[in-house]
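Visitor: what follows is a protein structure lacking sequence information:
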């Protein structure tokens, strides 16, 4: 059973990212504030859910959340900053869009670049412990998967509609045969 809150504050926002370990595409992050009675069936860490269940839960989050937002950092920003800093940038961009603004940030993981005005708590494995972080994981993953499917239509050999830019055998074979695209993270070891 996922926990409702860490601080007891009604405007606590959960944060999570998707796409850190990919070879291609932007990194996405989501920030979500939920009402205390939000408990849709199947809500969990997005990695533990089927694609169909993620879509069902995404619809419920977008419809019922107090506030939600998605931010991203581009491939160029990942190269310039590094993947950790780009992930924090995407998280900060998501938080900046929230209305109302949260009073506390609950971040999945063990590190975070402190927000200039909001306190935060890092929770290792938070996407499997807290509803707001699980909801953020669902939004970050589904919005990023949507982007990678759109890019796959422009770059079919890489199989992004299936691998979302992660380092699969097919993806690496396509890089060997066709070379990297402008969406590949050139600072990463592609082969």
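Guide: That came in fine, so what should we check first? Model, not experiment: these values are computed from the prediction.
Visitor: against which helices or strands is the helix or strand where residue 70 lies packed?
Guide: Per DSSP states H and E: residue 70 is located in strand 67-73. With contacts taken as 3 or more C-beta pairs under 8 Å, 6 or more residues apart in numbering; DSSP states H and E, strand 67-73 sits against strand 27-33, helix 83-97, helix 131-154. Bear in mind the C-beta positions are built from the backbone N, C-alpha and C, glycine included.
Visitor: after the second one comes which helix or strand?
Guide: Where DSSP H and E defines the elements, the next helix or strand beyond helix 83-97 is strand 104-108.
Visitor: touching that following strand from outside, list them.
Guide: Residues outside strand 104-108 that contact it (C-beta atoms under 8 Å, 6 or more residues apart in numbering) are 6-7, 9, 11-17, 31, 91, 95, 112, 115, 118-123, 125-127, 130, 132-133, 136-137.
Visitor: what of stretch 82-99?
Guide: Against stretch 82-99 from outside (C-beta under 8 Å, 6+ apart): 13, 15, 17, 20, 26-31, 33, 67-73, 77-78, 81, 101-102, 105, 107, 111-113, 115, 118, 185, 187-188.
Visitor: what's the answer for stretch 140-151, then?
Guide: Looking at what lies outside stretch 140-151 - C-beta under 8 Å, 6+ apart - the contacts are 16-19, 24-30, 46-47, 51, 54-55, 58, 70, 72, 160-161, 164-165, 183.
Visitor: swap in stretch 70-78?
Guide: In contact with stretch 70-78 (C-beta under 8 Å, 6+ apart) are residues 24-31, 81, 86-87, 89-97, 139-140, 143-144, 147, 182-185, 187.
Visitor: of the residues you listed, buried ones?
Guide: By neighbour count, with 16 or more other C-beta atoms under 10 Å, the contacts of stretch 70-78 hold 24-31, 86-87, 89-95, 139-140, 143-144, 147, 183-185 as buried.
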